[in-house]
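[1] I would like to see how this sequence folds:
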Amino acid sequence: MVVIDNAVKPYLAGEKFDNGLRVRIAEKQKLFSRIEFLVRYAEGKKVIHMGCADHIPIILEKVQNNTWLHKRIDQVAQKQIGIDILPEAVEYIRKELGFVNILTLDIVKDPVPEEIKSDLWDCMILGEIVEHIDNPVEFLTEIRQKYAPFVREIVITVPNALSVSNFYQAIGKNTEKINTDHRYWFTPFTMQKILIRSGFKPLYHEFATYYPLNKKKPVRNFLLRTLLVNRPALRGNLIMVAEF
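    Down below sits the predicted model:
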């Protein structure tokens, strides 16, 4: 966990400017995956899981591999409600997987559902969503304005611009490897800046791998563990926690 340095806050708020500000973003830390962090964070909490579905064939595959995040959170949370914009995926999850506490919703255009208004929620999780949005500040501002009365914290996971994979592609191959629906890569400072511009109060950030290490590749695991324990900022995923 890396908490924002008080000396950095005036730069995040736009009160000061530096063309080459150096910001401490990581310390040596045990290796963990994005899913492991989110499941641990959600334990015992009331959770709103935005973008909880996926493409239907991928959902079933992830359920079988125990990597479908919505199910993993559901196993540990005190209470969870899932929200997704894809009606066919929501219908599939309801009928085929038996998760009934899930809604089809456009979080920006639609009003806050009564199911959310009727309770006070510990957190809202937005996993791998913000990088797909044309205007993240406008998107997050809309969420804060609508959901602030009902939710305490927001947890956002995004691709880490500083990942070792990106450096390997650029240095070794002169290429960029990217999901072609992504608009952005993020660093801790830029994600914190976006959150502040959206009216949130960033609390801390973490770096994680996307998935647990592959048990079938011990040599690769050893090399990754050695590198990524000492240099967490090279992990593939950035996790931000902020207050509404």
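[2] please count neighbours and contacts with C-alpha atoms only from this point.
    Will do.
[3] quick check: phi and psi at the most centrally placed residue in the chain.
    The centroid of the chain falls nearest to Thr157 when counting by CA atoms, centre = their mean (1.6 Å). Dihedral pair for Thr157: phi -120, psi 140, per degrees, to the nearest 10.
[4] tell me how far it lies from Glu128.
    Thr157 sits 5 Å away from Glu128, going by CA to CA, to the nearest Å.
[5] which other residues reach stretch 167-182?
    Stretch 167-182 is contacted from outside by Glu131, His132, Ile133, Asn166, using CA atoms under 8 Å, 6 or more residues apart in numbering.
[6] can you give me the end-to-end distance of that stretch?
    Using CA to CA, the distance between the terminal residues of stretch 167-182 is 18 Å.
[7] tell me the confidence at Arg220?
    We have a pLDDT of 73 for Arg220.
[8] next: Val63.
    Here, the pLDDT recorded for Val63 equals 89.
[9] and Val39, by the same measure?
    pLDDT for Val39: 97.
[10] thought it was touching Ile73?
    Yes. Between Val39 and Ile73 there is a contact under CA atoms under 8 Å: 5.4 Å.
[11] out of these two, which sits in the busier spot?
    Higher neighbour count among Val39 and Ile73: Ile73, with 24 against 19, using other CA atoms under 10 Å.
[12] the protein: strands as residue ranges?
    For the chain, applying DSSP state E gives strands covering 2-3, 46-50, 79-84, 102-104, 121-127, 151-159, 201-208, 237-243.
[13] just the buried subset of the contacts of stretch 167-182, written out for PyMOL, thanks.
    This is how PyMOL selects the buried members of the contacts of stretch 167-182, with burial counted by 16 or more other CA atoms under 10 Å:
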select buried, resi 131+166
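[14] from the contacts of stretch 167-182, which is closest to Arg231?
    For these, the minimum distance to Arg231 (CA to CA) is 14.5 Å, reached by Asn166.
[15] local confidence estimate at the closest residue to the residue nearest to the centre of the chain other than its chain neighbours?
    Distance criterion CA to CA, 6 or more residues apart in numbering; nearest residue to Thr157, sequence neighbours excluded, is Ile239 at 4.5 Å. Ile239 is assigned a predicted lDDT (pLDDT) of 98.
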